[in-house]
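Participant: The sequence and its predicted three-dimensional model are supplied below.
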Amino acid sequence: MKFNKSLSSEGLVFLQQFDEASLAEIETLLNQSMRGIHALFDNQTIAHILKNPTEELDFFNFANLERIQKLFSQLMECATLLDRKKFLMNLDREDYETVVRTYFHIVENSVLANAPFRH
């Protein structure tokens, strides 16, 4: 599956320019996550954060979009998986949760967009 350099999701748009290696690594991470392999996050943390579904929050509101874009862009700018994990470990709880929710929102929409049919 190919992801565009501008990832879009319900008004959430990342228009940053990323080098091809970084974009390829993000594509790999997203593809793995679509198959249930989450290299950036541990399953317990994912479950804890997403036990309160993002859809039930006013998460992707206008005021939050700039912060979301900044954090996700910083994550994408990290050169390696290890650098991405270090970046995530240095975030405060709220920013970490923001990255997790954004990441899995993109994963979920990618799965839905690539499903041959929906129930």
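Facilitator: Nice, thanks for sending it over.
Participant: Quick one: list the elements packing against the longest helix seen in the chain.
Facilitator: Determined from DSSP state H, the single longest helix within the chain is helix 93-114. Applying 3 or more C-beta pairs under 8 Å, 6 or more residues apart in numbering; DSSP states H and E, one finds that helix 93-114 contacts strand 7-9, helix 20-34, helix 43-50, helix 62-77. Where C-beta positions appear, they are placed from N, C-alpha and C, glycine not excepted.
Participant: okay, the ones you listed in CSV with mean neighbour count and mean pLDDT next?
Facilitator: Listed next are the helices and strands packed on helix 93-114 as CSV, based on neighbours: other C-beta atoms under 10 Å; pLDDT from 0 to 100:
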stretch, mean neighbour count, mean pLDDT
strand 7-9, 16, 45
helix 20-34, 15, 78
helix 43-50, 13, 91
helix 62-77, 15, 87
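Participant: and of those, who's closest to Glu56?
Facilitator: helix 43-50 (10.7 Å; C-beta to C-beta).
Participant: separation between the most centrally placed residue in the chain and Thr54?
Facilitator: In the chain, the centroid-proximal residue (C-alpha atoms, centre = their mean) is Tyr103; its distance is 1.6 Å. Tyr103 sits 11 Å away from Thr54, taking C-beta to C-beta, to the nearest Å as the criterion.
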